[in-house]
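Trainee: Below is the structure, and that's it, no one-letter string:
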Ligand code: SF4
């Protein structure tokens, strides 16, 4: 039998409890267990005036931002509409049915003002990491690092080719916020100072973003989101926004490793990364700090004409020489020079040479140095550290590390597909940093919620 037509009936009084209407299995219930914002009021005390109209509770704004980043709602205007309508979001934000939802403009005012001045979003992220450590999800033994390109809010139509771009033409007093941030970061290693090479195009609206074709497709403006993760459970222990070039991404490794050591006393036994991080100076820095580099060596000494490469020669550290496949020595010095400046080049590269007479009589010369009188091999300053990485690459542990490295790639896939962070909404280095911090916080909270779901209480009748 067909039931009666459903008619909207306006009741005068309702007995309604938000607590009862949010399902026990809702993701926000599990996340709520780990959101501890007790400290943020104390953190912000010095940034609020003691007089004037009371402001909107910063805890409410943070809870709303967490809802937005956990569920891929990054437009603040839409976030306000969603929180207004969604009972679970209201419950998480501690808003009752009749409580007013803040206006979307409140977010930008706070973000550009006291949130940035107080580094509140970093404080929030680090609070979440501390909770992950407290819950036993982070051992700090094995860490992995990687970077992912996130498209900036900038278009080529609004850009200038490098021949016509001159930062000294910009008047900071008359420039938008993102342009002022670009000027402020020109000397920072993660941005302007990362490379002297000018990008092909510079955006007018967000000049700190990098014009890049690194994805082998059409070029676009982007920032790099750098993650340092603990591989036990894939918890993000640090995050950093940089320009999308290798030097800046690799440089952020040092920044993040130093920061997790200072903040959480985490010092990994190994660092796992891809070839981009396998440069001599980076490997040397890691080996000096007793961090095993589980990283493929970035080596350009390979040859493509089929002749023997440097890897075919054996290094004899004790006698400071290479031994060629025919068993002859390649030496740096064959006699004592009175001039101490002779020898290694100014760039820290040493040259090792075989004897001309030996090579001329050698049956393997066509495979070794067909176009030279004698074979020469160069050895860079950090070759010892490279050798440490090469030796690690032969171990079973390295194979395991290469599988663990996928965890950081999966986090980036999750960031883009589930949290929807494919294109930034905010401009400038600070905007990128804010978005990356909030997204990493949301990912860690979702991880905690997945591993420790909220206890299921029976519903009250
Ligand atoms: S050519 Fe010279 S360096 Fe090369 S294998 Fe022969 S002796 Fe050794």
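Mentor: Arrived safely, thanks for sending. Since this is a predicted model, take the numbers as computed values, not measurements.

Trainee: only C-alpha atoms for contact and neighbour calcs from this point on.
Mentor: Will do.

Trainee: just checking, residue 261 touches residue 268?
Mentor: No. Applying CA atoms under 8 Å, one finds residue 261 not in contact with residue 268, separated by 9.0 Å.

Trainee: Look at those two and report which has more neighbours.
Mentor: residue 268 (20 against 13; other CA atoms under 10 Å).

Trainee: how near is the more buried one to residue 317?
Mentor: Distance, residue 268 to residue 317, using CA to CA, to the nearest Å: 28 Å.

Trainee: just residue 241 next, same as before
Mentor: 40 Å.

Trainee: neighbour-wise, which of these two wins?
Mentor: residue 241 (27 against 9).

Trainee: Secondary structure element holding the more buried one?
Mentor: Taking DSSP states H and E as the criterion, residue 241 maps to strand 235-243.

Trainee: how about residue 385, what does it touch?
Mentor: Contacts for residue 385 (CA atoms under 8 Å, 6 or more residues apart in numbering) come out as 280, 283-284, 287.

Trainee: out of these, which is most surrounded?
Mentor: Going by other CA under 10 Å, residue 283 tops the contacts of residue 385 with 27 neighbours.

Trainee: Shouldn't it be within a strand?
Mentor: No. Assessed with DSSP: H, G, I helix; E, B strand; the rest coil, residue 283 is helix; it does not lie in a strand.

Trainee: what does the domain assignment say about this structure?
Mentor: Domain assignment for the chain, taken from automatic domain parsing, gives 18-118, 139-273+405-436.

Trainee: Go through the ones you listed and name the closest to the ligand.
Mentor: domain 139-273+405-436 (34.0 Å; CA to the nearest ligand atom).

Trainee: roughly how far is the closest one from the heart of the chain?
Mentor: Distance of domain 139-273+405-436 from its chain centroid, counting by CA atoms, centre = their mean, to the nearest Å, is 7 Å.

Trainee: First residue to last residue on it, what's the distance there?
Mentor: Note: domain 139-273+405-436 ends 23 Å apart using CA to CA.

Trainee: OK, contacts around residue 240?
Mentor: So residue 240 contacts 225-227, 252, 256, 433, 436-437 (CA under 8 Å, 6+ apart).

Trainee: can you pick the most crowded of those?
Mentor: residue 227 (28 neighbours).

Trainee: Not counting sequence-adjacent ones, nearest residue to residue 60?
Mentor: residue 93 (5.8 Å; CA to CA, 6 or more residues apart in numbering).

Trainee: go on, residue 180?
Mentor: Per CA to CA, 6+ apart, closest to residue 180 is residue 172, 5.8 Å.

Trainee: Then residue 378?
Mentor: That would be residue 351: by CA to CA, 6+ apart, it lies 4.5 Å from residue 378.

Trainee: Does the one you found touch residue 381 like I think?
Mentor: No. Assessed by CA under 8 Å, residue 351 is found out of contact with residue 381, at 11.2 Å.

Trainee: tell me the strands in this structure, going along the chain?
Mentor: 142-151, 159-161, 201-203, 210-212, 220-230, 235-243, 270-272, 292-294, 314-316, 321-323, 329-331, 350-353, 376-379 (DSSP state E).

Trainee: Which elements pack onto the third one?
Mentor: Where contact means 3 or more CA pairs under 8 Å, 6 or more residues apart in numbering; DSSP states H and E, strand 201-203 is packed against strand 159-161, strand 210-212.

Trainee: List the pairing partners of that strand within its sheet, with orientation.
Mentor: strand 159-161 (antiparallel) (DSSP bridges).

Trainee: Enumerate the positions of the partner strand that are buried.
Mentor: 159-160 (16 or more other CA atoms under 10 Å).

Trainee: what comes into contact with that strand?
Mentor: Contacts of strand 159-161 (CA under 8 Å, 6+ apart): 200-204.

Trainee: Turn those into CSV, columns for neighbour count and distance to residue 368.
Mentor: Compiled in CSV, those are given as follows (neighbours: other CA atoms under 10 Å; distance: CA to CA, whole Å):
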residue, neighbour count, distance to residue 368
200, 14, 40
201, 22, 44
202, 25, 46
203, 23, 49
204, 19, 53
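
Trainee: That'll do, ta.
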